[in-house]
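Colleague: generate coordinates for the sequence data below:
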Amino acid sequence: MTFYAMREKFNSISIKLGMLFSKIPLTPNQWTVFALIPAFIAFYFLTKQDFLIAALFFAFSALIDWIDGSVARVTGRTSLFGAYLDTIIDRYVEGLIVLGLLFASLPEFILPAYFWIIFYFFGSLMSTYVKAAAKEKEFVEKEIKGGIVERAEKLIVLFIGILLAAIQPIYLVYVLALLGILANITAFQRILIARKLGKR
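Modeller: Residues are numbered from 1 along each chain as shown. As a prediction, the model looks like this:
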């Protein structure tokens, strides 16, 4: 399947989701905030080290994050505030997952597990912040994109890591270490992109 065909398939599914869930009397912004509920439940199960259940609720939160945009597009209720709110809630969801991991008892890999958790989260925040800062300071005209990993890819890999933790917790630590490295590389890549595209 070509990239174009995959994108068309994805858009088709998104439209069907939007049509289905638009029948529920919730606005797109309410759907966005609703994504916090399964994220809080995932946080709880991470603290209990029930990684399989935590992964399922993490995935449910991601599904709702998809639904809100689909509903907004199908109903013609897209807005700048909705996009802004979606970004903020995304950070809260990711933060809840990371906070839950800090409460889990994960094994050491070269360094304590909490180092890799914080290293990953710091890299994830910085890869987002370097984009926002470049736009805020009016250094670039358009939002910076690119880098070795985007947010969706990071969360998919993190989801896989949490699933693998149900088999052996050390696998999750390996994934966190990898994500931490990749996220921080992405942040530096975006600084270089900003330098290349920005105003002198």
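Colleague: could you give me the average pLDDT of the longest helix seen in the chain?
Modeller: Counting by DSSP state H, the longest helix found in the chain is helix 169-197. Average pLDDT, helix 169-197: 87.
Colleague: which helices and strands does it pack with?
Modeller: helix 113-136, helix 151-165 (3 or more CB pairs under 8 Å, 6 or more residues apart in numbering; DSSP states H and E). For the C-beta atoms, the positions are set from N, CA and C on the backbone; glycine is no exception.
Colleague: which of the residues in it are classified as buried?
Modeller: Buried residues in helix 169-197, counted by 16 or more other CB atoms under 10 Å: 169, 171-173, 175-177, 179-184, 186-187, 189-191, 193-194.
Colleague: got the domain boundaries for this structure?
Modeller: For the chain, automatic domain parsing gives the domain ranges 1-14+25-104, 108-200.
Colleague: and those, which one's lowest on average pLDDT?
Modeller: When the domains of the chain are compared on mean pLDDT, domain 1-14+25-104 scores lowest, with a mean of 79.
Colleague: need the contact list for the closest residue to Val175 other than its chain neighbours.
Modeller: Leaving aside its chain neighbours, Val175 sits nearest to Gly161 (3.0 Å; criterion: CB to CB, 6 or more residues apart in numbering). Gly161 makes contact with Tyr171, Leu172, Tyr174, Val175, Leu176, Leu179, according to CB atoms under 8 Å, 6 or more residues apart in numbering.
Colleague: coming back round to it: how about the helices and strands packed on helix 169-197 in a markdown table, adding distance to Val71?
Modeller: A markdown table is the format used below for the helices and strands packed on helix 169-197 (distance: least, CB to CB, whole Å):
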| stretch | distance to Val71 |
| --- | --- |
| helix 113-136 | 24 |
| helix 151-165 | 19 |
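Colleague: backbone phi and psi for Val98, please?
Modeller: With angles defined as degrees, to the nearest 10, Val98 sits at phi -60, psi -40.
Colleague: quick one: residues contacting Leu178.
Modeller: If you count contacts by CB under 8 Å, 6+ apart, Leu178 has them with Val157.
Colleague: quick check: the gap between it and Lys131.
Modeller: According to CB to CB, to the nearest Å, Leu178 and Lys131 sit 22 Å apart.
Colleague: what does Thr47 give?
Modeller: Thr47 is 31 Å from Lys131, where distance means CB to CB.
Colleague: neighbour count winner among these two?
Modeller: Set side by side, Thr47 and Lys131 show more neighbours around Lys131, with 21 against 16, by other CB atoms under 10 Å.
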